[in-house]
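>>> Following is a predicted model, sequence given first.
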Amino acid sequence: MDLGLTNRRALVMGASRGLGASIAAALAAEGANLALCARNEAKVSLVAQTLGAEAIVCDLSVDGAAAAAVVDAQRRLGGLDILVINTGGPPAAVFESITDADWRGAFDGLWMSAVGAIRAALPAMRSQRYGRILLITSIAAKEPVASLMLSNSLRAGLHGLVNALSKEVAADNITVNALMPGYHLTERLIDLNFDEVKISKTVPAGRIGAPADFAAFAAFLASEQANYVTGQAICVDGGALHSI
Ligand code: NAD
């Protein structure tokens, strides 16, 4: 199947490692022209260099940074067809340990970065009558994970935004979807000292996902072929979600 990604212009946010970097690699392999953004200049430049992509340095938790990254990507690529919204997960915590500042920090990082990026990307996508907007959320949005109060709450809300926005922009051939990772073997999980054997036993597929498993589906959702899929939140999780 030709995904129709050749020369499509894509910004992948949070792409210096992990799922973002893997999505960028999948899109590059399909011939897309890419811009990547992340906080660490050396790391994002290295990934960008490997993929022949533009590197943008930004901290998505800072007010206005996500919108500025989109504008920069549009300038460097001559426009934008695909926007992949991704950033680091908020810290683990239970409700009674979370301060107002923690809630606001997580909201800025996860929510306002998504809002800012979409707001900056939409006018040109509408006028070119084409766009793919993909938010990377988490399986925690459908099945809350103990101690991930911030992620559980905010990401479930983002799925409301995805579905509602999809209706507002569908007539302009713009799709908006969320992709929920289950467990995937990224540096984040390694940093968290997770127990691979123990977690693998909770996944019907019997293993932790590879970032490339996730990226393959993200590339499909970003493709021309996925033109009739919109407003959805879809798991890539080896069957881990206990929900229909
Ligand atoms: P990761 O921590 O390995 O990578 C996150 C990327 O975002 C990195 O490139 C990082 O530099 C960048 N980033 C983080 N904060 C940023 C900021 N403020 N500004 C700009 N860039 C920033 O994470 P991952 O494992 O690739 O996961 C990606 C997303 O998916 C995260 O939000 C994570 O919570 C979620 N998720 C991951 C898994 C998993 O198993 N890996 C499972 C469920 C949800």
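Cool, the structure landed. Numbering: from 1, shown residues only.
>>> now what about the one helix or strand residue 104 maps to, what contacts it?
Element membership for residue 104, per DSSP states H and E: helix 100-106. Outside helix 100-106, the residues that touch it by C-beta atoms under 8 Å, 6 or more residues apart in numbering are 61, 90, 91, 93, 150, 151, 154. In short, each C-beta sits where N, CA and C put it, glycine included.
>>> Quick check: mean pLDDT of the helix ranked longest in the chain?
The longest helix of the chain (DSSP state H) is helix 149-169. For helix 149-169, mean pLDDT rounds to 98.
>>> in this structure, what residue sits furthest out from the centroid?
Centroid-distance maximum for the chain: residue 96 at 28.4 Å, with C-alpha atoms, centre = their mean.
>>> From the ligand, how far off is that one?
Residue 96 is 22 Å from the ligand, where distance means C-beta to the nearest ligand atom, to the nearest Å.
>>> sorry, back to before: tell me which residues in the helix holding residue 104 are buried?
By 16 or more other C-beta atoms under 10 Å, the buried positions in helix 100-106 come out as 105, 106.
>>> hang on, the earlier thing: pull out the buried positions in the longest helix of the chain.
149-156, 158-159, 161-163, 165-166, 169.
>>> Next, find the distance separating residue 172 from residue 130.
8 Å (C-beta to C-beta, to the nearest Å).
>>> Repeat that for residue 193.
Noted for residue 193: a distance of 43 Å to residue 130, by C-beta to C-beta.
>>> what's the answer for residue 80, then?
10 Å.
>>> Any residue of the helix or strand harbouring residue 50 touching the ligand?
Assigned by DSSP H and E, residue 50 belongs to helix 41-51. No: Helix 41-51 lies out of reach of the ligand by C-beta under 6 Å from any ligand atom, never closer than 6.7 Å.
>>> Would you pull up how far that helix lies from the middle of the chain?
In this view, helix 41-51 has its centroid 18 Å away from the chain centroid, taken as C-alpha atoms, centre = their mean, to the nearest Å.
>>> next helix or strand past the lowest-mean-pLDDT helix or strand in the chain?
Across the helices and strands of the chain, mean confidence by mean pLDDT, DSSP states H and E is lowest for helix 187-191: a mean of 86. The helix or strand immediately downstream of helix 187-191 is helix 196-200, counting by DSSP H and E.
>>> quick revisit: just list what the least confident helix or strand of the chain packs against, helices and strands only.
Counting contacts by 3 or more C-beta pairs under 8 Å, 6 or more residues apart in numbering; DSSP states H and E, helix 187-191 packs against no other helix or strand.
>>> returning to that earlier point: and the longest helix of the chain, how far out from the chain's middle?
For helix 149-169, the distance to the chain centre is 13 Å (C-alpha atoms, centre = their mean).
>>> same check, this time on stretch 207-218
Counting by C-alpha atoms, centre = their mean, stretch 207-218 is centred 13 Å from the centre of its parent chain.
>>> and if you look at stretch 174-189?
Worked out by C-alpha atoms, centre = their mean, stretch 174-189 lies 6 Å from the chain centre.
>>> out of residue 80 and residue 130, which sits in the busier spot?
residue 80 (27 against 19; other C-beta atoms under 10 Å).
>>> I'd say that one and residue 13 touch.
No: taking contacts as C-beta atoms under 8 Å, residue 80 lies outside contact range of residue 13: 11.8 Å.
>>> And the residue nearest to residue 200 when sequence neighbours are not counted, its phi and psi?
Among residues not flanking residue 200 along the chain, residue 207 sits closest, at 5.3 Å (C-beta to C-beta, 6 or more residues apart in numbering). When read as degrees, to the nearest 10, the backbone of residue 207 gives phi -160, psi 160.
>>> Could you pick out the longest strand of this protein?
strand 174-181 (DSSP state E).
>>> phi, psi of the closest residue to residue 210 other than its chain neighbours?
Nearest residue to residue 210, sequence neighbours excluded (C-beta to C-beta, 6+ apart): residue 185, at 6.2 Å. For residue 185, the backbone dihedrals (degrees, to the nearest 10) come out as phi -80, psi 90.
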